[in-house]
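A.B. asks: could you look at this predicted model? Sequence included:
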Amino acid sequence: MPELLGALADVRVISLGSFVAGNTFAMTLAELGADVVKLESRTRPDPVRARFTAEQAEVREPSGAETTTLFAGLSRSVRDMSVDMKAPGATELFLRLAGAADVIFENFGPRVLGSWGLTWERLRQVNPRLVLVSLSGYGRTGPRASYLAYGGNISSYTGLTYLWGESHATIYDYVAGTHAVVAALAALEQRDRHGHGTYVDLAQVEVAGAALAALMLDGLNGGEYVEPAGNCVAGAWLSGVFRCAGADEWVAVEVEDAAGWRSLCDIVSHSGARADLPPDSRERDEVKGLVQTWASGLSKWRVAKQLQEYGVAAAPVQHGEDVWRDPQLRSRGSIIEVGHPDLGRFEYPAPVHRMSRTPATVRRPAPRLGQDTRDVLSRWLRVDDEAVSALLATRLVATSDPAESP
Amino acid sequence: MIPGSSAGPEADRPVQAGPPVAGRAGASVGGRAGGPLGGYAVLDLGQRLTAYGSKLLADFGARVTKIEPPGGDEMRRMEPRRGPGRRSLAFAYYHANKRSARLDIGHPAADGVLRRLAADADVIMISPRPGAPLTGLNGETLRLSWAPARAIVLSITPFGLTGPARDWRMTPMTSYAMSGLMYRMGRAEGPPVTVPGQQAWDQAGAHGVVAALAALRARESAGGQLIDIAVHECLSAQDDVILRYSATSQVMGRSRLAGYPPTGTWECRDGPIEFQVHTGRHWAGFVDMLGHPAELSDPALGGRIARSERASELREVIGTLLAARSRHVLLQRGQELGVPCGLLNSPAQFAGDPQMTARGFYVSRPDGQLGQVRMPAPPFRSSPPLTSVTRPAPELGEHDDEVYVAELGYTKRDLADWRETGLA
């Protein structure tokens, strides 16, 4: 069978994105079939190429560039071009690439693109149909527009850390990367209809604000702002995480309605339930105690399955190995093996966009730094081999081949 | 493989659409021309799981018709509720810009009505679940009998439409538990803790919109198709859960890694602050921000691996240095020096922060019952704008007449009959 073209086979993307959000954006579009070229410089490669702790093995590409399994998992299917944006001629080269692109993405600090002379005004002059998605922590306007931020800062600024008890480094990176794709695709629809490009000023704190919306509405409308609640879900008849047999094994349970409440009370032999009214806190605690006693002698799978048979929402709290073995994921082919020339073969989550005719697929392993420089210059800009060699000699661009780009 | 090629053989694909623009214009009857998706018709048969996805499509200008069970969508009962009509604020937020028409989609007689409802739909959103069957959906072939061939059918469910767990009943919390993400959150000695709210499910909605917009772009060559989004796959694909186990055979627990201070949260005298210090430049700025204390003068501390090896010592030293300072002063000075740092806010502090006010993120929107409801704006600021808000969330069945009588040609008498038979 011929390789399936993805749904976005006619879309060209330049990604200046890094970290989880930038790579999530690039990989999502690439696996949907877009030609996504990641621009990296040899002096400041994507930080997720570098290991974060001493326990991780150091892996180098033939060029000497570092790579990691984290990068390999975040940047599949993307192509890579190495450009030194501080070298003479870089701005002109970038503007030519922008002229051949549909979408450009960046998540630099606030002054970086401008310092290269690449303002939105300049970019739209060379390509009036261009979509530019600028992702930043706090947005490009407002008193905190200049702030540097990582995922953890977003989690803390938006109240999630306060509610959850600890800062989370990446949750809103994934959400922001996905929303950046949504914005880019909507802007392409707008372009196809009206002919003009769009500049999107996507703020992670606003994407997080949308994710947190349901928790904020009471406070926003004159009620109480939500307080930390652990595993007590607002509106549930009962919810909690209960210890099961084994070390650090747990099951999560949420009773949503009267039928579920009756079932749970049956299972744990609690007789006093007023079946049609949610329990008061005393009764809820009593039943929680009974559930804990019942669950502690059973495996988390057994408890979840039995509750499911009675129509109560419940699931084992799975850890990494459980997820890796998960029969549901295995039966759907949601875990796939992908090789990488420098890292070897590992299993990865398959693309989540399951489409019957144009499925998202892994197009290639994560790139070596600069591996597609020649091809992009040739296909996108029609630069011939001789001219590519001249560009390599000036070190404006580099490839992944150390003989060519020492 | 770059531009313009079509995807595979066309012969077996009943493509009923004209060129994309004509198709959109044809579908725009009763819709709005504005917005990137103006003229697209979306039929949303799901409830909580599809709510965020259809909200995004509606905010981009698609004409979204929400088909509600005769007793109303489950989100109408979500707390908090306000006013004499017990209006759910979540319903007002998630369902602004949509229309509401009633139909029991599990009723055997619903098939014919669904076929007419779907005739001009570009996207049909479904979320079948145990106890709430969807008429016309074949669980084996996954074909939706009444959906036109050119429609994009977008299913968003906890586990997808196949697999041994597909009929499990789930909530955002149990989805988070199953994903591998919850296991790592919380104190080591206590239970894992769920991410609060509905966000674990809404992420799948955003992924569904990605796939639906991609499918609409490909429709001219590929025709309609089925998209099968699983919350479980969207969540378990994050944070290296699968890859890390595959690569290292190690299970990541809740015992916090040593990390590399000062990355993390700290108490100052006026509240908490968070630093994210990763590069050598970040560290240099951090040391500068504190006025070059002697305890941090060792040049080896510039590397994050060196700091991870001396994490417990550093945690104590830095904790003492920060406890006496003001977080607002540190924040301003740190940012000037290129140190990624930020406030740790309560939800109220977040909502009232000058940045959110300056960008007008929280907006008051008209609501039929409550007058005004304050809610987040769509998180896409752009020039020119991509989103617009045009109508408040509908009352139950508010558009029954508009949809069934004016657009599909049923009579008022038909609607009365449906009410008698329980179809609507």
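C.D. replies: In hand now; what should we look at?
A.B. asks: in which helix or strand would I find the residue nearest the centre of chain A?
C.D. replies: The geometric centre of chain A, computed from its C-alpha atoms, lies nearest to residue A:174 (Cα atoms, centre = their mean), at 2.7 Å. Using DSSP states H and E, residue A:174 falls within helix A:171-194.
A.B. asks: tell me what angle the very next helix or strand once past that helix forms with helix A:171-194.
C.D. replies: Sequence-wise, the next helix or strand downstream of helix A:171-194 (DSSP H and E) is strand A:198-203. Calculated by axes from the mean of the first three to the mean of the last three Cα atoms, to 10 degrees, strand A:198-203 forms an angle of 160 degrees with helix A:171-194.
A.B. asks: circling back: element containing the residue lying closest to the residue nearest to the centre of chain A once chain neighbours are set aside?
C.D. replies: Once flanking residues are discounted, residue A:174 sits nearest to residue B:238: 5.1 Å by Cβ to Cβ, 6 or more residues apart in numbering or on different chains. Every residue, glycine included, has its C-beta placed from N, CA and C. Using DSSP H and E, residue B:238 falls within no helix or strand.
A.B. asks: kindly report the same for residue B:342.
C.D. replies: Assigned by DSSP H and E, residue B:342 falls within strand B:341-343.
A.B. asks: tell me what the host helix or strand of residue A:207 is packed against?
C.D. replies: Using DSSP H and E, residue A:207 maps to helix A:204-211. If you count contacts as 3 or more Cβ pairs under 8 Å, 6 or more residues apart in numbering or on different chains; DSSP states H and E, helix A:204-211 packs onto helix A:151-157, helix A:171-194, helix B:199-217, helix B:354-358, strand B:371-376.
A.B. asks: what is the mean pLDDT for the helix or strand that the first one is followed by?
C.D. replies: Right, helix A:151-157. Counting by DSSP H and E, the next helix or strand C-terminal to helix A:151-157 is helix A:160-164. Per-residue pLDDT values over helix A:160-164 give a mean of 97.
A.B. asks: may I have helix A:160-164 exported as PDB, CA atoms only?
C.D. replies: Coordinates of each C-alpha in helix A:160-164 appear next as PDB, following Å, rounded to 0.1, in the frame of the first residue of the first chain:
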ATOM      1  CA  LEU A 160      -3.800  25.100  39.600                       C
ATOM      2  CA  THR A 161      -0.800  24.600  41.900                       C
ATOM      3  CA  TYR A 162      -2.800  26.100  44.700                       C
ATOM      4  CA  LEU A 163      -5.700  23.800  44.100                       C
ATOM      5  CA  TRP A 164      -3.700  20.600  43.400                       C
END
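A.B. asks: show me the contact partners of it.
C.D. replies: With Cβ atoms under 8 Å, 6 or more residues apart in numbering or on different chains as the test, helix A:160-164 has contacts from A:152, A:155-156, A:167-168, A:171-172, A:208, A:212, A:215, A:226-229, B:185, B:193, B:195-196, B:265, B:274, B:344-347.
A.B. asks: repeat that with 7 Å
C.D. replies: For helix A:160-164, the external contacting residues (Cβ atoms under 7 Å, 6 or more residues apart in numbering or on different chains) are A:155, A:167-168, A:208, A:212, A:226, A:228, B:185, B:193, B:195-196, B:265, B:344-347.
A.B. asks: need the buried ones from those selected in PyMOL.
C.D. replies: Buried subset of the contacts of helix A:160-164, written as a PyMOL selection, criterion 16 or more other Cβ atoms under 10 Å in any protein chain shown:
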select buried, (chain A and resi 155+167+168+208+212+226) or (chain B and resi 185+193+195+196+265+344+345+346+347)
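A.B. asks: in helices only, show me the contacts of helix A:160-164.
C.D. replies: A:155, A:208, B:347 (DSSP state H).
A.B. asks: if you average pLDDT over the helix or strand harbouring residue A:27, what comes out?
C.D. replies: According to DSSP H and E, residue A:27 maps onto helix A:19-31. Regarding helix A:19-31, the rounded mean pLDDT is 97.
A.B. asks: how about whichever helix or strand comes after it and chain B, any contact?
C.D. replies: Downstream of helix A:19-31, the first helix or strand assigned by DSSP H and E is strand A:35-40. Yes. Judged by Cβ under 7 Å from any Cβ of the partner chain, strand A:35-40 comes into contact with chain B through residue A:35.
A.B. asks: what is the neighbour count of residue B:253?
C.D. replies: Other residues lying near residue B:253 total 14 when counted by other Cβ atoms under 10 Å in any protein chain shown.
A.B. asks: residue A:362 in helix, strand or coil?
C.D. replies: coil (DSSP: H, G, I helix; E, B strand; the rest coil).
A.B. asks: is it true that it touches residue A:338?
C.D. replies: Yes. With contacts counted by Cβ atoms under 7 Å, residue A:362 reaches residue A:338, the gap being 5.7 Å.
A.B. asks: who touches both of those two?
C.D. replies: With Cβ under 7 Å, 6+ apart, residue A:362 and residue A:338 have common neighbours residue A:76.
A.B. asks: any idea how far the host helix or strand of residue B:173 is from the middle of the chain?
C.D. replies: Applying DSSP H and E as the criterion places residue B:173 in helix B:172-178. Mean-position distance between helix B:172-178 and its chain equals 15 Å (Cα atoms, centre = their mean, to the nearest Å).
A.B. asks: for that helix, what is the average pLDDT?
C.D. replies: Across helix B:172-178, pLDDT averages out at 98.
A.B. asks: wait, does it contact chain A?
C.D. replies: Yes. Against chain A, helix B:172-178 shows contacts by Cβ under 7 Å from any Cβ at B:173, B:174, B:177, B:178.
A.B. asks: farthest pair within those?
C.D. replies: Within those, B:173 and B:178 form the most distant pair, 9.9 Å apart (Cβ to Cβ).
A.B. asks: and the residue sitting furthest away from the middle of chain B, how far is that from residue B:323?
C.D. replies: The centre of chain B is farthest from one residue, residue B:294, which by Cα atoms, centre = their mean lies 47.5 Å away. Residue B:294 sits 17 Å away from residue B:323, going by Cβ to Cβ, to the nearest Å.
A.B. asks: next one: residue A:377
C.D. replies: The spacing between residue A:377 and residue B:323, counted by Cβ to Cβ, is 55 Å.
A.B. asks: and these two? Which one has more around it.
C.D. replies: residue A:377 (23 against 11).
A.B. asks: and the more buried one, what helix or strand is that in?
C.D. replies: Element membership for residue A:377 (DSSP H and E) is helix A:373-381.
A.B. asks: just the buried residues of that helix, please?
C.D. replies: For helix A:373-381, the neighbour count (16+ other Cβ under 10 Å) marks A:373, A:374, A:376, A:377, A:380 as buried.
A.B. asks: returning to what we had before: possible to save the helices and strands packed on helix A:204-211 as CSV with mean pLDDT and distance to residue A:236?
C.D. replies: Putting the helices and strands packed on helix A:204-211 into CSV (pLDDT from 0 to 100; distance: least, Cβ to Cβ, whole Å) gives the following:
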stretch, mean pLDDT, distance to residue A:236
helix A:151-157, 97, 24
helix A:171-194, 97, 22
helix B:199-217, 98, 14
helix B:354-358, 98, 29
strand B:371-376, 97, 23
